[in-house]
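# this one's sequence-less:
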């Protein structure tokens, strides 16, 4: 989706696109900055060229995937709305509707899961860039960090809001374990990053 059009739709009084799509966009923006800083770092220090080029290539792959996720998240929520609109005139229809709603809510967590997982990769790459990359671009790497962190937090928030309606215990357990794992990993990465950035940014 063209960015200007996306912003117009985001500002409209409709449920989609919403926070999930915005989280994906934040991740895509982060990946673009990671690619940029990795490229600058590669040019600055030839001894680190291979490692920086690898980060750049991986970031560009993530960028494309998260850009696709902007539309995918909106479509998954549309699936929830569609399930709620199913007929409920008979017991059979009501049961089918309930089952489809459950499926739709679980499916709606898939894109936020992707956003969270890719955002963690971006935080890892950003940490490397902040510690070992071109220090003239450390502020750009820092912005990449905060965008990736926002994408991660937004993704988990969207997963959480969908889980409220889910009744399948195994699925709930699986997602709660995942989110705890993501949070623990995020906190460890951010501790190192914020310590490094403390000299140029009040955190």
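It's in. Note that this is a predicted model, so its numbers are computed, not measured.

# residue nearest the centroid of this protein?
residue 115 (2.7 Å; C-alpha atoms, centre = their mean).

# ok, it - contacts?
By C-beta atoms under 8 Å, 6 or more residues apart in numbering, the contact list for residue 115 reads 20, 23, 24, 27, 66, 69, 73, 151, 152, 154, 155. In this view, the C-beta of every residue, glycine as well, is placed from N, C-alpha and C.

# okay, the first one and residue 132: tell me how far apart.
Here the distance between residue 20 and residue 132 works out to 33 Å (C-beta to C-beta, to the nearest Å).

# of those two, who's got more company?
Set side by side, residue 20 and residue 132 show more neighbours around residue 20, with 28 against 13, by other C-beta atoms under 10 Å.

# which stretch of helix or strand covers that one?
helix 19-44 (DSSP states H and E).

# tell me what that helix is packed against?
helix 3-11, helix 49-84, helix 110-132, helix 138-163 (3 or more C-beta pairs under 8 Å, 6 or more residues apart in numbering; DSSP states H and E).

# turn these into CSV, including distance to residue 190 and mean pLDDT.
Output for the helices and strands packed on helix 19-44, formatted as CSV (distance: least, C-beta to C-beta, whole Å; pLDDT from 0 to 100):
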stretch, distance to residue 190, mean pLDDT
helix 3-11, 27, 91
helix 49-84, 18, 94
helix 110-132, 7, 97
helix 138-163, 7, 97
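
# mind listing what residue 19 touches?
Counting by C-beta under 8 Å, 6+ apart, residue 19 makes contact with 154, 157, 158.

# any of these buried? List them.
154, 158 (16 or more other C-beta atoms under 10 Å).

# for residue 110, state which of the contacts of residue 19 is nearest.
Minimum distance to residue 110 across those is 10.7 Å, recorded for residue 158 (C-beta to C-beta).

# which residues sit in contact with the closest one?
Counting by C-beta under 8 Å, 6+ apart, residue 158 has contacts 19, 20, 23, 73, 108, 109, 112.

# distance of the fifth one from residue 149?
As defined by C-beta to C-beta, residue 108 lies at a distance of 22 Å from residue 149.

# okay, those two: which has more neighbours?
Counting neighbours by other C-beta under 10 Å for residue 108 and for residue 149 shows that residue 108 has the greater number, 25 against 22.

# sorry, back to before: which of the contacts of residue 115 are buried? Put it as a ChimeraX command.
Selecting only the buried entries of those in ChimeraX, with 16+ other C-beta under 10 Å as the criterion:
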select :20,23,24,27,66,69,73,151,152,154,155
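
# in a markdown table: the contacts of residue 115, plus distance to residue 145.
As requested, the contacts of residue 115 are exported to a markdown table (distance: C-beta to C-beta, whole Å):
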| residue | distance to residue 145 |
| --- | --- |
| 20 | 21 |
| 23 | 15 |
| 24 | 17 |
| 27 | 12 |
| 66 | 16 |
| 69 | 20 |
| 73 | 22 |
| 151 | 11 |
| 152 | 11 |
| 154 | 15 |
| 155 | 16 |
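
# sweet, I'm off.
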